[in-house]
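> Sequence first, predicted model second:
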Amino acid sequence: MNKNENGQESRRTQWLHGDNQVDQNGFILALGLVMLAAVSVVGVVAMQSSQTDVSISANYRDSQMATSAAESGIELARAAIAQYVSANGTDAVFNATTLGVDGEHSIGEAKYTLQITSTASNDDNGKDNDDNGKDNDDNGKDNDDNGKDQSSIERLLNFLVPTAVAGDSSKDNDDNDSSKDNDDNDSSKDNDDNDSSKDNDDNDSSKDNDDNGTKITICHVTGNGSGQHTISISENAWSAHEAHGDIQGACPAGVDVADVTSVGTYNGATATVTVTLQYLTPSGAVVAVPGTYTAQ
C-alpha cells in the first residue's frame, strides 16, 4: 500500500478503492432491478391466468343459467300440454299460442321462449285422407256401373232361357241322399261317459289358489301422477289399486303428442333444449320420450 510520509494513503489509492465500492453498489442495484422485473412478470402472468379462470368460470355459469332457463320452459310446456290433451284428446292440434305459453318468459335475469308443434294429424294428412276417400268413391261408382251392367245381362238371360227345365238333374233326391243324418251311426255324438274333455274340478291346475295368493299384472300410477310402471300384485290388493286409478295388464305405450324447443338466454349466453313429449294412459302424465332430450 502506498503511503506518504505521514502514513496516509495516497490520493490514487483512495480513488481506486472508491471505484471498487461504486462497482459493487452498481451490481447490487442492477441485480435488484432484474429481480424486481422478474417478480413483476410473474405477477402479470399470474394475474392474467387468474382473469382467464374467472372468465371461464363466468362463461360456464352463464351457460348453465341459460340451460336451466330453457329447461324451465320445457317444464312449463309439459304441464300445459298435459292439461290440454287431457281435456281435448291426443288427436288435438295445438301450439304455444293455443296453450297460452307463447312469447318471452322471464326467470329473474334469465329468459326463455318456446316453440311447440303437436304431432297429431295435421291438415295435410287430412287432405290426403280426403283424396283417398274420393278415390274410394270413384271405385264405388265403378262398382255400381259393373253392378248395373250385370243386372242388365241377368235380365236378358232370364228372358231368353227358361228358368225351370223338366228333368233337372240338380233336384234333391231325398231317397238317395248319402249326406242325410243317421242318428244311429253318428260317431260324433256326445258320449258323456267317455268324454275326456269334461271338466275335472279335482284336477284343475288353473283354478285360483287363495292360500298361495294369485298374482296379477297391473299398470301402477305413481303417487303424484307424474308417471306409471308395470308391477305384479296380489289379487286381494287389486281393489285398492283400482281405486287409485291403476288398470290391469301391462302399461300401454305412450302416445307422442308434441315436439318442444325451448331457447334460454342469460347474460349473453344461449342454450337450446329440444324434447319429444308423450301422453301416458291411464296416469294422464306427459313425459319426455327417452333419448329425445338434447341441449346445446
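Happy to help now that I have it.
> ok, P290 - how many residues close by?
8 (other CB atoms under 10 Å). From N, CA and C alone the C-beta is placed, and that goes for glycine too.
> helix or strand for it, which one?
Assignment of secondary structure by DSSP states H and E places P290 within no helix or strand.
> Can you find the helix or strand in the protein with the smallest mean pLDDT?
Within the chain, no helix or strand scores below helix 123-160, which has a mean of 49 by mean pLDDT, DSSP states H and E.
> Just list what the helix or strand hosting V260 packs against, helices and strands only.
Remark: V260 resides in strand 255-266, with elements defined by DSSP H and E. Counting contacts by 3 or more CB pairs under 8 Å, 6 or more residues apart in numbering; DSSP states H and E, strand 255-266 packs against helix 11-88, strand 110-118, strand 269-279.
> again, only this time at 10 Å
helix 11-88, helix 96-99, strand 104-107, strand 110-118, strand 269-279, strand 286-288, strand 294-295 (3 or more CB pairs under 10 Å, 6 or more residues apart in numbering; DSSP states H and E).
> So A120 belongs to a helix, correct?
No - in this structure, A120 is coil, not part of a helix, as judged by DSSP: H, G, I helix; E, B strand; the rest coil.
> Just give the number of residues close to it.
By other CB under 10 Å, 18 other residues sit near A120.
> Give me the pLDDT value at it.
Looking at A120, its pLDDT reads 82.
> follow-up on the earlier one: for the helices and strands packed on strand 255-266, which has the smallest mean pLDDT value?
Lowest mean pLDDT of these: helix 11-88, a mean of 75.
> In three-state terms, label H229 for me.
With three-state DSSP as the basis, H229 sits in strand.
> Bridge partners for it, pull those for me.
Taking DSSP bridges, one obtains H220 as the residues bridged to H229.
> Now do it, the pLDDT please.
Model confidence at H229, given as pLDDT, is 86.
> wait, isn't it in contact with V221?
Yes - using CB atoms under 10 Å, H229 makes contact with V221 at a distance of 8.9 Å.
> intersection of neighbour lists for the two?
C251, S283 (CB atoms under 10 Å, 6 or more residues apart in numbering).
> who's in contact with the closest residue to A79 other than its chain neighbours?
Of all residues not flanking A79 in the chain, V286 sits nearest, at 7.9 Å (CB to CB, 6 or more residues apart in numbering). Contact partners of V286, counting by CB under 10 Å, 6+ apart, are 77-86, 226, 254-255, 257-258, 277-280.
> Just grab the bridge partners of V286 for me.
Y279.
> roughly how far apart are it and A271?
In this view, V286 and A271 are 22 Å apart by CB to CB, to the nearest Å.
> Please look at V260 and V275 and confirm they touch.
Yes - the criterion here is CB under 10 Å, and V260 meets it with V275 at 5.6 Å.
> Looking at these two now, which is surrounded by more residues?
For V260 versus V275, neighbours defined as other CB under 10 Å are more numerous around V260 (24 against 21).
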